[in-house]
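Q: build me a structure from this.
(2 chains)
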Amino acid sequence: MRPGESYTKPEIEGAAAGGAAQNDAAAAASVRGVSKSFKAARVLEDVSFDVGEGEALVLLGASGSGKTTILRVIAGLERPDAGRVFLRGRDVTDLPARERGVGVIFQSYALFPRMTVEKNVGYGLALRRRPRKEIKEKVDSLLALVKLEEHRWKYPRQLSGGQQQRVAIARTLAYSPEVLLFDEPFGALDAQTRVRLRREIRALLREVNVPAVFITHDQEEALELGDRIAVLNAGRLEQVGTPDEVYNRPETEYVATFLGAANLLLGVASGGRVEIGTASIPAREETARFRDGQAVKLVFRPEDAHLSIGGALPEGCRRLTNGRIEEKHFVGAYERLTVRLDLVARRAVAGEPPLYQVTINTEERRAGLPIFVTRPKPETASTPLKVGDRVAVGLTAFRVLPNYALASERASRILDAGK
Amino acid sequence: MRHVRGFDASRPLGIGAMLAVMLPLVLLPLASIFIFGTSKGLGSFWAALTAPEAVFALKLSIVTSFWATVFNVVFGLFAAYVLSRHTFLGRTAIIVTISLPTAIPTAVAGFALLLLWGPYGLLGQHLSKEFQVMFTPYAIILANIFVTFPLAFGVLMSVFETMDSSLEEASATIGATRWQTFWHVTLPSLRGALVTGALLTFARAVGEFGSTILVSGNLAARTQTAPLYIFAKFNEGQIEAANAVAVVLALFSFVIFSVLFFARERLEDK
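A: Numbering: from 1, shown residues only, chains lettered A, B, ... in the order given. Here you go, the predicted model:
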């Protein structure tokens, strides 16, 4: 019914097909309509996604979003209530963990404390009763790959966290897993090691070309590690897409706010523009999926707002309104400003639908709305701004999302899907 | 907390008070065994110790305790594994029942065994004469098993319950069967607990008196264990004979607890 339906759907499918395989048969791993409850708590609801050949997919979500449960379902450590799991087109939903051939790198690494590094790495092959010579050769080459040759006789507790993690990866690579599953791989490490290790792992994965699923709650980690990111919220997938897509073109408010900072302004779509109180910004393309008078949210990143003291905005930057600089903070790499927009409630036109009234609340009606704007160093140096300055505010990029004012976003989406 | 200035009196006072209580209660009785045992010279001590009945009693204690320990460690491991991996109706009731012998007076335990296996007992009355277990060394093993079962089980159960499940899950995802996982991953992690449990069981079984005296018949050189020998010789007034065996038992428990105390950290992780 809504024009939005015909617009969003192909975009979601396009995102899924873009980074991943073109069809199911070629996907290294597929999760189809998986749901899972623990007692009364619904942990996963109808989750579906693909992991392509050689692809790194990051499941990003807050704690309790169900991301660990998805991982355990793929690994065969948890049975889904509904839905199927495929590995290279083979339905493995009913197979026990040991017959699936997936590699799990646990958060605690789960190295066997009584086995040396060498024995840990060779365990999978020993279980498969491979000849001793073959095991030795494989272990040698894997230890060389993860650069741990000189530690082969050590026990796990004698290694650092990063080294233990590499042993855990080598241990799974030994039996050529269909897919590698990383459970919060950097959770137990300090910030510096974390950054170094995720680059190492990224390079390692490119080298061995094994598809991988990471789970994390860290958005920076997700953006850096993932070929694609799947954002989970309370057991549902909000959006799957490349880091660029989920960051720059978030499809839901949750995605917009979970991945980095975002300004949200409530407005109304009207004649190819978004109106926020008396301010309005041209958005013909962005509002095409909305009917006139529909309540929307204007979402933009602090770095996508451009401030101009003279009122002149660069090419491609659309003017929103004017504002006054209220606060200014220096936060290292950039400058963060609070700008209070001049927004005055729009006077209702006789006969228009009541949705037009959903704009800004009473207090802000008098004082205007504050937004956050960040400016990079070169800009702060060339055009310094100070508190109290009046500026024109333009946006170089923004998203227009539906504003379901009366019901939760999720419930409304279910209603939409029903129509 | 230490005082910054002056002499802190709480330190010597505390240590002194502790020793004053411990001396007559624990340390002096132990010392007197050694003092009396060797008071008539090492020669007579050795003669008392190597008397055939004394040697037999010590041997019987060790053999019966050994088999009781083997059974309790193996079955305790099995019971702890089953009870920690599965939840079922009555699980807690079973755990409590299994652990009960710790609290039961040992004489009651011996009496209960007699009522079950004795010649007129519930099961014993159906056994023919040559298969009667009471008043044989097997009865001593049964009594030891009954009394010491909670020891190994308790140690193993607590390790199972705190074990990181991701180790076993990792083993499964790598391709191990349940049995392979148990053998290669679970069991090696239990090494410390197995040794601790076995030593505790053995030490307790060697010293068992109350239940043994009821079920063994206390027949010299046939079913008389070391503690029973001490008791019998004391009653006969042969203090020296009793004392010699007492010295051995005291030394023995001292050694076992030293091993437990110092080797434990090496056997367990970290």
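
Q: check which residues of stretch B:194-211 are buried.
A: By neighbour count on 16 or more other C-beta atoms under 10 Å in any protein chain shown, the buried set for stretch B:194-211 is B:194-211. Backbone N, C-alpha and C define where each C-beta goes, glycine included.

Q: dump the C-alpha coordinates for the one helix or strand residue B:198 maps to into CSV.
A: Assigned by DSSP states H and E, residue B:198 belongs to helix B:191-206. Extracted in CSV, the C-alpha atoms of helix B:191-206 (Å, rounded to 0.1, in the frame of the first residue of the first chain):
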residue,chain,number,x,y,z
ARG,B,191,43.5,-34.9,37.3
GLY,B,192,43.9,-32.7,40.5
ALA,B,193,40.4,-33.5,41.7
LEU,B,194,40.9,-37.3,41.1
VAL,B,195,44.1,-37.3,43.2
THR,B,196,42.6,-35.2,45.9
GLY,B,197,39.5,-37.4,46.1
ALA,B,198,41.5,-40.6,46.1
LEU,B,199,43.8,-39.5,48.9
LEU,B,200,40.9,-38.2,51.0
THR,B,201,39.0,-41.5,50.5
PHE,B,202,42.0,-43.6,51.2
ALA,B,203,43.1,-41.7,54.4
ARG,B,204,39.5,-41.9,55.7
ALA,B,205,39.1,-45.6,54.9
VAL,B,206,42.4,-46.6,56.6
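
Q: what's in contact with it?
A: Applying C-beta atoms under 8 Å, 6 or more residues apart in numbering or on different chains, the set of residues contacting helix B:191-206 from outside is A:114, B:61-62, B:64-66, B:68-69, B:72-73, B:76-77, B:144, B:147-148, B:151-156, B:158-159, B:226, B:249, B:252-253, B:256-257, B:259-260, B:263-264, B:267-269.

Q: and what of stretch B:22-35?
A: Here stretch B:22-35 makes contact (C-beta under 8 Å, 6+ apart) with B:243, B:246-247, B:250.

Q: most neighbours among those, which one?
A: Among the contacts of stretch B:22-35, residue B:243 has the most neighbours (other C-beta atoms under 10 Å in any protein chain shown), with 24 neighbours.

Q: wait, what's in contact with that one?
A: Counting by C-beta under 8 Å, 6+ apart, residue B:243 touches B:33, B:36-37, B:48.

Q: after the strand or helix carrying residue A:379, which helix or strand is next?
A: Per DSSP H and E, residue A:379 falls inside helix A:377-382. Per DSSP H and E, the first helix or strand lying C-terminal to helix A:377-382 is strand A:390-395.

Q: could you say what helices and strands that next one packs with?
A: Judged by 3 or more C-beta pairs under 8 Å, 6 or more residues apart in numbering or on different chains; DSSP states H and E, strand A:390-395 is in contact with strand A:305-308, strand A:318-330, strand A:334-341.

Q: quick revisit: in helices only, show me the contacts of stretch B:22-35.
A: B:243, B:246-247, B:250 (DSSP state H).

Q: related to what we said a few turns ago, and the next element down the chain from the helix holding residue B:198?
A: Downstream of helix B:191-206, the next assigned helix or strand under DSSP H and E is helix B:210-216.

Q: show me what from chain B comes close to chain A.
A: Contact residues, chain B versus chain A (C-beta under 8 Å from any C-beta of the partner chain): B:164, B:166-167, B:169-177, B:180, B:184-185, B:188-189, B:191, B:269-270.

Q: kindly recompute the last result at 7 Å.
A: Within reach of chain A by C-beta under 7 Å from any C-beta of the partner chain, chain B has these residues: B:164, B:166-167, B:169-170, B:172-177, B:180, B:185, B:188-189, B:269-270.

Q: now list the buried members of those.
A: Applying 16+ other C-beta under 10 Å to the residues of chain B next to chain A flags B:166-167, B:169-170, B:172-176, B:180, B:185, B:189 as buried.

Q: for the stretch 151-300 of chain A, which segments are assigned as strands?
A: A:180-183, A:212-216, A:228-233, A:236-241, A:263-270, A:273-276, A:279-282, A:295-300 (DSSP state E, counting those that start in this stretch).

Q: now those strands as JSON lines including distance to residue A:154 and mean neighbour count?
A: Formatted as JSON lines, the strands of the stretch 151-300 of chain A follow (distance: least, C-beta to C-beta, whole Å; neighbours: other C-beta atoms under 10 Å in any protein chain shown):
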{"stretch": "strand A:180-183", "distance to residue A:154": "23", "mean neighbour count": "25"}
{"stretch": "strand A:212-216", "distance to residue A:154": "26", "mean neighbour count": "27"}
{"stretch": "strand A:228-233", "distance to residue A:154": "36", "mean neighbour count": "26"}
{"stretch": "strand A:236-241", "distance to residue A:154": "40", "mean neighbour count": "23"}
{"stretch": "strand A:263-270", "distance to residue A:154": "52", "mean neighbour count": "22"}
{"stretch": "strand A:273-276", "distance to residue A:154": "61", "mean neighbour count": "21"}
{"stretch": "strand A:279-282", "distance to residue A:154": "61", "mean neighbour count": "20"}
{"stretch": "strand A:295-300", "distance to residue A:154": "51", "mean neighbour count": "22"}
